[in-house]
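Okay, sequence plus prediction incoming.
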Amino acid sequence: MGSKVESPVESPVEIRQWKLCSYSAQGLPTSDHLKIFKSYLMISDDIIPDHHVLVKVLKLSVDPYFRQTITGLQDGLYLPQVELNQVVKAFGVGRVVTSKDPGYRKGDIVVHPLLDVADYCVIPTNFLRRVDPMAGISLSDHLSALGLPGFTAWVGMEHIGNPKAGENVFISAAAGAVGMYAGQLAKLKGCRVVGSTGTDDKVKFLKEDLGFDDAFNYKKETDFDVALSKYFPNGIDIYFDNVGGRMLEAVLNHVNQHARIPLCGMISQYNQVWTDRGGVRNLLNAIGKEVRMEGFLVGSHRHRSQDFNAEMEGYIKQGKVKSKYQMYNGIESFLESLTSLFSSSNVGKVIIQVSNDEEP
């Protein structure tokens, strides 16, 4: 006689979701723009379409690019805008609670680029990736070194910067989630690496913990031309740009012939409408020095993800790439963690610990 298969018991759980209530064109977003809503969710197969899973969110990545998705403006931005009154999304890791896809089962730990900023969410499985929590790589690493920041740093440095041993590399926002990996990757290629950051403690972190050759506090050394003359007496071969603005302009006065500038982000500009942003006045230098400046989106490099994963996993397991996390606890900390990205309060990758994975 065959064994009886029991249906899962339906049980309501509280779910908290962050939604966009109004756009924030400039300045830091506030609780007027992003709000948390509470409701109840029945844990049941009936709520899940085919080829979807119900995931309990464990950790969420908080990244600067999100700021550009809630402006409500159409001023040449490269990211689509979040729709009003919709749940916002983030790169995250979760545990499968219920599955309608034969490729995934209850208990699987998965990573997805667009998890709801919520306690639970139902997601399609087409961009889902299963991870082995016993493989010697932490779940936080899957959101950082092996996540969007690490992949961004790898694409920009390896495939646009193309570093060669002995070259001089400058990283802005170097203690941030992307900058810390870009600098370490350049060091692994034998480059001399200098970073800029916003506090003396971060300068110390870059030099003592990550092995940068040097670093400076841009809030103290405010004449960027003088600073770059000091730290790059032989010029700059690669500038990994995370901030744009005045720093990019200063760099263009110190680039060597055939320098490369991967344009990764411009965080100094994110909270301003484009007409209020400072212009770069010396782009003529890029012609005379035959500089290659290239913006990039990691979505256009998905075909390189297997090569990236293999390389970065090796670096992590060998201890050649280090990470630092700024952890926030609870889904309710999303707005606080987001606005912290635009101050000097964080070091490394900002992550929200949503759940410690207690049942259900």
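Yep, that arrived.

Name the SS class of Val13, please.
Applying DSSP: H, G, I helix; E, B strand; the rest coil to Val13 yields a three-state assignment of strand.

That one bridge partners, please.
Here Val13 shows beta-bridge partners Leu41, assigned using DSSP bridges.

what sits against it?
Residues counted as contacts of Val13 (Cβ atoms under 8 Å, 6 or more residues apart in numbering) are 40-41, 43, 119-120, 360. C-betas here are computed from N, CA, C, even on glycine.

State the pair within those residues that is farthest apart.
Put simply, by Cβ to Cβ the two of the contacts of Val13 set farthest apart are Tyr40 and Pro360, 12.9 Å from each other.

hey, where'd the helices end up in this structure?
Shown for the chain, the helices assigned by DSSP state H span residues 139-143, 148-154, 179-188, 200-204, 224-231, 245-251, 284-288, 305-317, 334-340.

so where is the stretch 151-300 of the chain shaky, pLDDT-wise?
Along the stretch 151-300 of the chain, the model assigns pLDDT under 70 to residues 267-277.

mind listing the strands for it?
Taking DSSP state E, counting those that start in this stretch as the criterion, the stretch 151-300 of the chain carries its strands at 168-171, 192-197, 214-217, 236-240, 255-263, 292-295.

out of the ones you listed, which comes closest to Met247?
Checking those against Met247 by Cβ to Cβ gives strand 192-197 as the closest, at 6.9 Å.

Direction included, what does the closest one pair up with?
Taking DSSP bridges as the criterion, strand 192-197 sits next to strand 168-171 (parallel), strand 214-217 (parallel) in its sheet.

coming back round to it: pipe the strands of the stretch 151-300 of the chain into CSV and attach distance to Ile15 and mean neighbour count per row.
Shown next, in CSV, are these (distance: least, Cβ to Cβ, whole Å; neighbours: other Cβ atoms under 10 Å):
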stretch, distance to Ile15, mean neighbour count
strand 168-171, 39, 28
strand 192-197, 38, 26
strand 214-217, 43, 19
strand 236-240, 39, 27
strand 255-263, 38, 20
strand 292-295, 37, 14
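
To Ser355, which of the ones you listed lies closest?
Closest approach to Ser355 among those is made by strand 192-197 (31.6 Å; Cβ to Cβ).

outside of the closest one, which residues touch it?
Counting by Cβ under 8 Å, 6+ apart, the neighbours of strand 192-197 from elsewhere in the structure are 166-175, 179, 183, 186-187, 203, 206, 212-218, 227, 231-232, 247, 344.

Contacts only, for Arg95.
Applying Cβ under 8 Å, 6+ apart, we find Arg95 in contact with 55-56, 58, 107-110, 357.

what's the closest of these to His303?
Val110 (21.4 Å).

how far does stretch 230-237 sit from the chain's center?
In terms of Cα atoms, centre = their mean, to the nearest Å, the centre of stretch 230-237 is set 28 Å apart from its chain centre.

got it, and stretch 315-335?
For stretch 315-335, the distance to the chain centre is 11 Å (Cα atoms, centre = their mean).

Go through the helices of the chain and name the closest to Pro29.
Distances from Pro29 to each of the helices of the chain were compared using Cβ to Cβ; the shortest belongs to helix 334-340, at 6.8 Å.

coming back round to it: tabulate the helices of the chain (a markdown table), appending distance to Asp101 and mean neighbour count.
Supplementary listing: the helices of the chain in a markdown table, determined by distance: least, Cβ to Cβ, whole Å; neighbours: other Cβ under 10 Å:
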| stretch | distance to Asp101 | mean neighbour count |
| --- | --- | --- |
| helix 139-143 | 20 | 22 |
| helix 148-154 | 23 | 25 |
| helix 179-188 | 32 | 26 |
| helix 200-204 | 43 | 17 |
| helix 224-231 | 51 | 17 |
| helix 245-251 | 45 | 20 |
| helix 284-288 | 49 | 12 |
| helix 305-317 | 20 | 15 |
| helix 334-340 | 28 | 19 |
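
now the ones you listed in JSON lines, with distance to Ile15?
Conversion of the helices of the chain to JSON lines gives the following (distance: least, Cβ to Cβ, whole Å):
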{"stretch": "helix 139-143", "distance to Ile15": "21"}
{"stretch": "helix 148-154", "distance to Ile15": "25"}
{"stretch": "helix 179-188", "distance to Ile15": "33"}
{"stretch": "helix 200-204", "distance to Ile15": "37"}
{"stretch": "helix 224-231", "distance to Ile15": "47"}
{"stretch": "helix 245-251", "distance to Ile15": "40"}
{"stretch": "helix 284-288", "distance to Ile15": "50"}
{"stretch": "helix 305-317", "distance to Ile15": "31"}
{"stretch": "helix 334-340", "distance to Ile15": "14"}
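
of those, which approaches Asn162 most closely?
Among these, the nearest to Asn162 by Cβ to Cβ is helix 179-188 (10.7 Å).
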